[in-house]
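Enquirer: Below is the sequence, then the predicted model.
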Amino acid sequence: MLALRSSLRQTLGAQRLFSSSALVSKSTYRTPDFGDYVKPEGTTDKGRVFTYFTVGSLGLLSATGAKSTVETFLTSMAASADVLAMAKVEVGLGAIPEGKNVVVKWQGKPVFIRHRTQTEIDEANKVDISTLRDPQADADRVKQPEWLIMLGICTHLGCVPIGEAGDFGGWFCPCHGSHYDISGRIRKGPAPLNLEVPAYEFDGDNLIIG
């Protein structure tokens, strides 16, 4: 009996071994071989170097093109000759009678030119500047006492004041009620500063603003 059992075990073991060997022989799976794609150690990757060189060159060309575009744009934005010519305005003073105002345009802004009388000059000099909101002597606002030149822009909100008006005989801004005297100094109302005096010079009987 024992001999029969031993014989059966041997037979079953042989069958299992045969079945396993048959399955292995029938399998189509093979381990991939990457030998053709693996570069030997120490070999330079020429493809990667070429890629980096190409990308760097394109970046340099792009930066150069961008610089040229910006320079061209800035050049086109530069002031032309006719615009630069408007940087200064020349006015003939001989045509302005005493006691009258003239308004000229300079760089898109109105400029008040007042040919003051001696009475107006004396009135402007009598004011106690310590009582002014924006203390400034009349002599500090003019180069020649009879000629008062100012930007015609209210220092409150940029309105254009009316000449020969207001409580002080100078200029009045009807928008918010600012009153300027005959020297263009703020005397009443919300404006915080005197009317601005632009850069100007006299050339004989001509006034050059700018």
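Expert: Here it is on my side, so go on.

Enquirer: only C-alpha atoms for contact and neighbour calcs from this point on.
Expert: OK.

Enquirer: which one is Pro110 nearest to, not counting chain neighbours?
Expert: Gly152 (5.1 Å; C-alpha to C-alpha, 6 or more residues apart in numbering).

Enquirer: okay, the one you found: pLDDT?
Expert: Reading off the confidence values, Gly152 has pLDDT 97.

Enquirer: all helices for the chain, in order.
Expert: Secondary structure of the chain, counting by DSSP state H: helices at 2-26, 46-77, 81-85, 118-126.

Enquirer: Where among those helices is average confidence lowest?
Expert: When the helices of the chain are compared by mean pLDDT, helix 2-26 comes last with a mean of 52.

Enquirer: Between the two ends of stretch 202-210, how far is it?
Expert: Chord length of stretch 202-210, first to last residue, is 11 Å (C-alpha to C-alpha, to the nearest Å).

Enquirer: show me what contacts the residue nearest to Pro110?
Expert: Listed by C-alpha atoms under 8 Å, 6 or more residues apart in numbering, the contact set of Gly152 reads Lys109, Pro110, Val111, Phe112, Val160, Pro161, Leu195.

Enquirer: One more: Arg133?
Expert: Contacts here follow C-alpha under 8 Å, 6+ apart; on that basis Arg133 touches Ile186, Arg187, Pro192, Leu193.

Enquirer: ok, the last one - how many residues close by?
Expert: Leu193 has 18 neighbours, counted by other C-alpha atoms under 10 Å.

Enquirer: And the pLDDT at it?
Expert: Leu193 carries a pLDDT score of 98 in this model.

Enquirer: I'd like the numbering to begin with 791 instead of 1 from here.
Expert: Noted, 791 is the first residue going forward, which turns the last one into Leu983.
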